[in-house]
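**Student:** Below is the sequence, then the predicted model.
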Amino acid sequence: MNKLPLLLAAVVLAACTNFNTPLKQSGWQADTGSAEGFSSEGRLAVREGEKGSYANFEWQDFGTVQNISVNTPLGNTVGVLCRDSEGVIAEDSSARQYRADSIEALSQNLLGFTLPMSHLNQWARGRWAPGEAHEILTDGRLRQSGWLIGRQLMADGVSPKILVLENERLNIRLVFDQFQPLDLRTMKIGRCALRSA
């Protein structure tokens, strides 16, 4: 059974909370291109119509390299997806690899819809993506790239606790159990580790 569609569907999701709960965030800022990254863990869910999927995730944002590992609620690996300057590479639980120039192309081909991975790390940090039109709504949510994005913060007032993305087709929710900022000036990660596997 091909697990990559489940990996891609789960890669942008979150869990155990009401999909209809609106999230507000009024502190959106421009992305300054600073050397910020993060390492995080949490739960994710996506809903399309009446269908939903749930999983756990580990997500590392190394700037030009994004690495997301998706696991079942019982801890079994569904797969790993990584994006770097060479494109996107994914590996399912059977070690089959899939490649594409972009996450948009890979998700569109396998799932029939596009996942917003190009800007997800910026939105998680409360930044809008530069070079694209954006709007801050009166309820504090960000509208960009065809998505409405809401954030709820952890007790530190900075780290994301919940990130919700909605468009006409999908409702995607990430719940962060752990979020650790990374100073990318001290790290040298330029390519996906899957490319040397």
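**Tutor:** Arrived safely, thanks for sending.

**Student:** going forward, measure contacts between C-alpha atoms and count neighbours the same way
**Tutor:** Fine.

**Student:** Got the phi and psi for Trp123?
**Tutor:** Trp123 adopts backbone torsions of phi -60, psi -40, taken as degrees, to the nearest 10.

**Student:** and the gap between it and Leu74?
**Tutor:** Distance, Trp123 to Leu74, by Cα to Cα, to the nearest Å: 28 Å.

**Student:** of these two, who's got more company?
**Tutor:** Trp123 (24 against 8; other Cα atoms under 10 Å).

**Student:** shouldn't Tyr98 be in contact with Gly87?
**Tutor:** No: using Cα atoms under 8 Å as the test, Tyr98 is too far from Gly87 to be in contact (10.8 Å).

**Student:** Same drill for these two, tell me which one is more crowded.
**Tutor:** Gly87 (17 against 13).

**Student:** Run a quick neighbour tally on the closest residue to that one other than its chain neighbours.
**Tutor:** Using Cα to Cα, 6 or more residues apart in numbering and skipping the chain neighbours, the partner closest in space to Gly87 is Asp101 (4.3 Å). The local packing of Asp101 (other Cα under 10 Å) involves 14 other residues.

**Student:** same question, Ser145
**Tutor:** Other residues within reach of Ser145, judged by other Cα under 10 Å, total 14.

**Student:** list the contacts for it?
**Tutor:** Contacts for Ser145 (Cα atoms under 8 Å, 6 or more residues apart in numbering) come out as 132-134.

**Student:** just Leu106 next, same as before
**Tutor:** Neighbour list for Leu106: 88, 99-100 [criterion: Cα under 8 Å, 6+ apart].

**Student:** Let's see that with 7 Å instead.
**Tutor:** Ala100 (Cα atoms under 7 Å, 6 or more residues apart in numbering).

**Student:** do Asp84 as well
**Tutor:** 64-66, 191-192 are the contacts of Asp84 under Cα under 7 Å, 6+ apart.

**Student:** next helix or strand past the helix or strand of the chain at the bottom of the mean pLDDT ranking?
**Tutor:** Using mean pLDDT, DSSP states H and E, the weakest-scoring helix or strand in the chain turns out to be helix 4-10, at a mean of 55. Using DSSP states H and E, the helix or strand that follows helix 4-10 towards the C-terminus is strand 29-30.

**Student:** Give the other helices and strands that the next helix or strand after that following strand contacts.
**Tutor:** Using DSSP H and E, the helix or strand that follows strand 29-30 in sequence is strand 36-48. In terms of contacts (3 or more Cα pairs under 7 Å, 6 or more residues apart in numbering; DSSP states H and E), strand 36-48 is packed against helix 4-10, strand 51-61, strand 170-183.

**Student:** Mind checking the ones you listed for the one nearest to Asp92?
**Tutor:** Among the helices and strands packed on strand 36-48, the nearest to Asp92 by Cα to Cα is helix 4-10 (5.5 Å).

**Student:** Nearest to Val78 among the helices and strands packed on strand 36-48 would be which one?
**Tutor:** For Val78, the closest of the helices and strands packed on strand 36-48 is helix 4-10, at 6.0 Å, according to Cα to Cα.

**Student:** returning to what we had before: can you flag the buried ones in the contacts of Ser145?
**Tutor:** By neighbour count, with 16 or more other Cα atoms under 10 Å, those hold no buried member.
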